[in-house]
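J.: sequence plus the predicted model coming up.
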Amino acid sequence: MIMWAIQIFLALAFGAAGTMKLVRAKAQLAANPHMGRVHSIPEAQIKLLGVAEVLGAIGLVVPMAIGVAPILTRAAAACLAALMGGALATHMNRREPAAVATALAALAIVVATFR
């Protein structure tokens, strides 16, 4: 039950973040005080990150929920943990707070390990 709660939380977080990156223009994202760092990232890369986050969110829940290839849930969690590792490195290089990326990475590692 706790694992499902973690998976759903992560799916909502990554789904929302990814969707925002997909539907908003770079200028709109830069206007968000939490996303001001996007100025130095190409728009195509922002969209690619959005796709990865949305697909990862789907992968966290759907395979286990329908009982088809549940190993994909672990794979999605591992990929999202790696993605957050990159986010963490980026934040640290820019001397930005990285608590959210750290927490999301840790939760994704829990899912990848124990699912």
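T.: Yep, that arrived.

J.: tell me how many other residues crowd residue 90.
T.: Using other C-beta atoms under 10 Å, residue 90 is surrounded by 15 other residues. From N, CA and C alone the C-beta is placed, and that goes for glycine too.

J.: next one: the strand or helix carrying it to chain centre, how far?
T.: Following DSSP states H and E, one finds residue 90 within helix 71-93. The chain centre lies 7 Å from the centre of helix 71-93; the measure is C-alpha atoms, centre = their mean, to the nearest Å.

J.: could I get the buried residue list for it?
T.: Neighbour counts over helix 71-93 (16 or more other C-beta atoms under 10 Å) mark 73-84, 87-88, 91 as buried.

J.: cool, and stretch 63-71?
T.: 63-64.

J.: hang on, residue 11 packs against residue 57?
T.: Yes - if you go by C-beta atoms under 8 Å, residue 11 and residue 57 touch, sitting 4.3 Å apart.

J.: higher neighbour count, these two?
T.: residue 57 (24 against 20).

J.: gap between that one and residue 40?
T.: Between residue 57 and residue 40 the computed distance is 25 Å (C-beta to C-beta, to the nearest Å).
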